[in-house]
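Student: structural data only, the sequence is not supplied:
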Ligand SMILES: Cc1ncc(COP(=O)(O)O)c(C=O)c1O
């Protein structure tokens, strides 16, 4: 006999029965934005930080798997059967293409890494989750993050109950005085800032580039206050090579930086391949030395077991085809994104020049720019913009951890063609003229 809702023992869960992260407002905000996009398919959307879709048209996954298979034959003398088994079987939790990633870091950054200190993860997102899970050893541990911050990091912190301390982002990347004060305050309360998350190369959401002087000062602060720096390199490939500031990890003389990377924006997000470089030694009573990557790989066996070897083979093939240089691999894409950003910033000047109440920043790379309005900006205003003006964007309030009223919105230029950017800005200018002239809007 099947039970039904009339059965008093028919199970219905209360939100309070579930982990607090499920109620997280940032999850709701992201879902809301996705819903608006679905409801207004003709709206031009500056919301997604996703790669330009036409880049996928040329990807031939089989071709790249073949290149990777050839590489295995030539470098490891594997037979075709061994290669097929390697690509289709469960694999090592640390990953298969660690040597290739290590070559990328050496070629593009001059950074020498032991492939054994790298874990290949299911996107950068899994790397964040594993790292935060490993670092939070108790309720006294805090993680400081730039505020506003990438939502995936905040979400990962909430999943593992890591208490987040927001530190204002400024033009230099992070307010170091505030960070040092937060370290002192934590310690005065018997707590400890264990790690600090930054995305120094054109951060998501604001596109800020951290200058070398701040990177050096952050590293000094890390030594002084004994914290780990989590360096997210997602948008680094878009930096102009000649003006490239060094990786924090390259400047790091005390081995405090854990580096996060992804192939989502340079190769394809569909492969879901990212990585973490975690070469910090772990003292072990038995005299055996491990590195943090060993422990992350152990945790990974309980989360995703291993990153899909098929997907790793695709990314591996793409890397080999470009001699393990992301600079070379993503050259055309970088040009498109830089052109799109130019087009976005130029268009803002043209369309909004006569709206002095609206201001914006001028990032030199990355996917994002941020616009400041003379009125609060939230999800309902975004819905109104999509409904009435056919243009969508992301409220910056989604990225602020402290729940402050935000007057900013994020515009992403990666997902659109130049023509769409231009038309989108035209629509945005109509929307902005309307809302900056209207004291109160009745939003349905
Ligand atoms: C700053 C930043 N870090 C990490 C990621 C996540 O990358 P992945 O798709 O590899 O999980 C993103 C994705 O947009 C991002 O913007």
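Tutor: Arrived safely. All figures in this text were calculated on a predicted structure; none of them were measured in a lab.
Student: need the pLDDT of the residue lying closest to residue 280 once chain neighbours are set aside.
Tutor: Using C-beta to C-beta, 6 or more residues apart in numbering and skipping the chain neighbours, the partner closest in space to residue 280 is residue 292 (4.4 Å). Where you see a C-beta, it was placed from the backbone N, CA and C, and this is true even at glycine. Residue 292 carries a pLDDT value of 98.
Student: tally of neighbours for residue 292?
Tutor: For residue 292, the neighbour count with other C-beta atoms under 10 Å is 22.
Student: quick check on it: phi, psi?
Tutor: phi -60, psi -40 (degrees, to the nearest 10).
Student: does it touch residue 279 like I think?
Tutor: Yes - using C-beta atoms under 8 Å, residue 292 makes contact with residue 279 at a distance of 7.2 Å.
Student: what is in contact with the two at once?
Tutor: Shared contacts of residue 292 and residue 279 (C-beta atoms under 8 Å, 6 or more residues apart in numbering): residue 117.
Student: just checking, residue 351 touches residue 425?
Tutor: Yes - counting by C-beta under 8 Å, residue 351 touches residue 425, with 4.7 Å between them.
Student: which of those two has more residues huddled nearby?
Tutor: Shown here are residue 351 and residue 425; by other C-beta under 10 Å, residue 425 has more neighbours (24 against 20).
Student: and the more buried one, what is it in contact with?
Tutor: 344, 347-348, 350-352 are the contacts of residue 425 under C-beta under 8 Å, 6+ apart.
Student: ok, now with 10 Å
Tutor: 44, 46, 343-344, 346-352, 391, 411, 432 (C-beta atoms under 10 Å, 6 or more residues apart in numbering).
Student: among those, which ones are buried?
Tutor: 44, 46, 343-344, 347-348, 351-352, 391, 411, 432 (16 or more other C-beta atoms under 10 Å).
Student: out of the residues you listed, list just those in strands.
Tutor: The members of the buried ones among the contacts of residue 425 that map onto strands under DSSP state E are 44, 391, 411.
Student: leaving aside the residues next to it on the chain, what's closest to the second one?
Tutor: Leaving out its chain neighbours, the residue that sits closest to residue 391 by C-beta to C-beta, 6+ apart is residue 427, at 3.9 Å.
Student: how many neighbouring residues does the one you found have?
Tutor: Residue 427: 20 neighbours (other C-beta under 10 Å).
Student: so it sits right up against residue 43, yeah?
Tutor: Yes - applying C-beta atoms under 10 Å, one finds residue 427 in contact with residue 43, separated by 8.3 Å.
Student: what touches both of these two?
Tutor: Common neighbours of residue 427 and residue 43 (C-beta under 10 Å, 6+ apart) are 385-386, 389-392.
Student: can you put those residues in a markdown table and add distance to the ligand and pLDDT?
Tutor: Below are the shared contacts of residue 427 and residue 43 laid out as a markdown table (distance: C-beta to the nearest ligand atom, whole Å; pLDDT from 0 to 100):
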| residue | distance to the ligand | pLDDT |
| --- | --- | --- |
| 385 | 22 | 97 |
| 386 | 21 | 96 |
| 389 | 26 | 97 |
| 390 | 25 | 97 |
| 391 | 21 | 97 |
| 392 | 17 | 96 |
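Student: got a pLDDT number for the one residue in the stretch 101-250 of the chain that gets nearest to the ligand?
Tutor: Relative to the ligand, the nearest point of the stretch 101-250 of the chain is residue 123 (2.8 Å; C-beta to the nearest ligand atom). On pLDDT, residue 123 comes in at 98.
Student: which ones are touching the residue lying closest to residue 115 once chain neighbours are set aside?
Tutor: Leaving aside its chain neighbours, residue 115 sits nearest to residue 98 (3.8 Å; criterion: C-beta to C-beta, 6+ apart). Counting by C-beta under 10 Å, 6+ apart, residue 98 touches 92, 113-120, 275, 277, 293, 312.
Student: confirm residue 10 sits in a helix?
Tutor: No - counting by DSSP: H, G, I helix; E, B strand; the rest coil, residue 10 is not found in a helix; it is coil.
Student: and the gap between the closest residue to residue 207 other than its chain neighbours and residue 346?
Tutor: Closest residue to residue 207 apart from its sequence neighbours, by C-beta to C-beta, 6+ apart: residue 363 at 3.0 Å. Noted for residue 363: a distance of 13 Å to residue 346, by C-beta to C-beta, to the nearest Å.
Student: just residue 399 next, same as before
Tutor: For residue 399, the distance to residue 346 - C-beta to C-beta - is 25 Å.
Student: ok, now residue 142?
Tutor: Applying C-beta to C-beta, the value for residue 142 to residue 346 is 42 Å.
Student: check residue 214 too.
Tutor: 28 Å.
Student: again, but for residue 78
Tutor: From residue 78 to residue 346 the distance is 51 Å (C-beta to C-beta).
Student: near the ligand, which residues of the stretch 301-444 of the chain?
Tutor: On the criterion C-beta under 6 Å from any ligand atom, the ligand has no neighbours in the stretch 301-444 of the chain.
Student: typed the wrong thing, it's the stretch 1-150 of the chain
Tutor: Counting by C-beta under 6 Å from any ligand atom, the stretch 1-150 of the chain sits next to the ligand at 49, 123-125, 150.
Student: residues contacting residue 404?
Tutor: Taking C-beta under 10 Å, 6+ apart, we find residue 404 in contact with 147-148, 166, 376, 396-397.
Student: which of those residues are buried?
Tutor: In the contacts of residue 404, the ones that pass as buried (16+ other C-beta under 10 Å) are 147-148, 166, 396-397.
Student: now go through these and say which are in strands.
Tutor: 147, 166.
Student: rebuild the buried ones among the contacts of residue 404 as TSV, extending it with distance to residue 4 and pLDDT.
Tutor: Listed next are the buried ones among the contacts of residue 404 as TSV, based on distance: C-beta to C-beta, whole Å; pLDDT from 0 to 100:
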residue	distance to residue 4	pLDDT
147	48	96
148	46	95
166	46	97
396	46	95
397	41	92
